[in-house]
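Novice: the sequence isn't on hand, but the structure is:
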């Protein structure tokens with residue numbers, strides 16, 4: 001009885017907060033499945049987080065907080081929604097083979113230092 005009540009309350013709370021029930025382990029029917037975690041994250045961002053993120057970005061982009069003409073944006077695509085390494089490398093490989101990007105641009109996409117540069121300079125004296 002306690003288990004059902006707890007699960008019901010968790011599900012109601014997830015609905016009230018517009019968070020998918022599976023995100024807080026309160027999925028009562030278990031029918032909400034995804035092929036991979038990236039699809040689940042995309043759904044969570046678009047249905048739950050995006051309205052809040054947009055409001056925060058808009059407020060931080062106002063002229064009283066940032067210089068006129070500058071815009072504040074969260075980099076969710078580069079962090080939370082970033083694909084796994086194999087998928088990213090396959091995309092980069094295809095872009096390279098089609099001549100859409102250079103090798104240095106590909107390295108930049110993966111936050112790698114281009115050839116000939118030393119990267120971070122650490123002075124240990």
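Specialist: Cool, got the structure. Predicted, not measured: the structure shown is a model, and the values here were computed from it. Numbering: from 1, shown residues only.
Novice: mind listing the helices for this protein?
Specialist: 2-16, 37-44, 50-60, 85-97, 103-109 (DSSP state H).
Novice: quick one: which of those helices is nearest residue 73?
Specialist: Closest approach to residue 73 among these (Cβ to Cβ): helix 50-60, 5.6 Å. C-beta coordinates here come from the backbone N, C-alpha and C atoms, glycine included.
Novice: output the lowest mean pLDDT helix or strand found in the protein.
Specialist: Lowest mean confidence among the helices and strands of the chain (mean pLDDT, DSSP states H and E): helix 37-44, at a mean of 79.
Novice: tell me the buried residues in that helix?
Specialist: 40, 41, 42, 44 (16 or more other Cβ atoms under 10 Å).
Novice: tell me which of those is nearest to residue 86?
Specialist: residue 41 (17.0 Å).
Novice: enumerate every residue touching that closest one.
Specialist: Going by Cβ atoms under 8 Å, 6 or more residues apart in numbering, residue 41 touches 80, 81.
Novice: stretch 22-37: end-to-end distance?
Specialist: 12 Å (Cα to Cα, to the nearest Å).
Novice: got it, and stretch 67-81?
Specialist: End to end - Cα to Cα - stretch 67-81 spans 29 Å.
Novice: same check, this time on stretch 70-82
Specialist: Note: stretch 70-82 ends 25 Å apart using Cα to Cα.
Novice: between helix 85-97 and the least confident helix or strand of the chain, find me the angle.
Specialist: On the basis of axes from the mean of the first three to the mean of the last three Cα atoms, to 10 degrees, helix 37-44 is oriented at 90 degrees to helix 85-97.
Novice: any idea how the chain splits into domains?
Specialist: Here the domain parsing of the chain from automatic domain parsing is 1-33, 42-82, 84-114.
Novice: the ones you listed: lowest mean pLDDT?
Specialist: Among the domains of the chain, domain 1-33 carries the lowest mean pLDDT, a mean of 74.
Novice: now do the buried residues in that domain.
Specialist: 10, 11, 14, 19, 20, 21, 22, 23, 26, 27.
Novice: okay, those in TSV with distance to residue 92 next?
Specialist: Listed next are those as TSV, based on distance: Cβ to Cβ, whole Å:
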residue	distance to residue 92
10	41
11	41
14	37
19	33
20	31
21	36
22	31
23	30
26	38
27	35
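Novice: alright, calling it a day.
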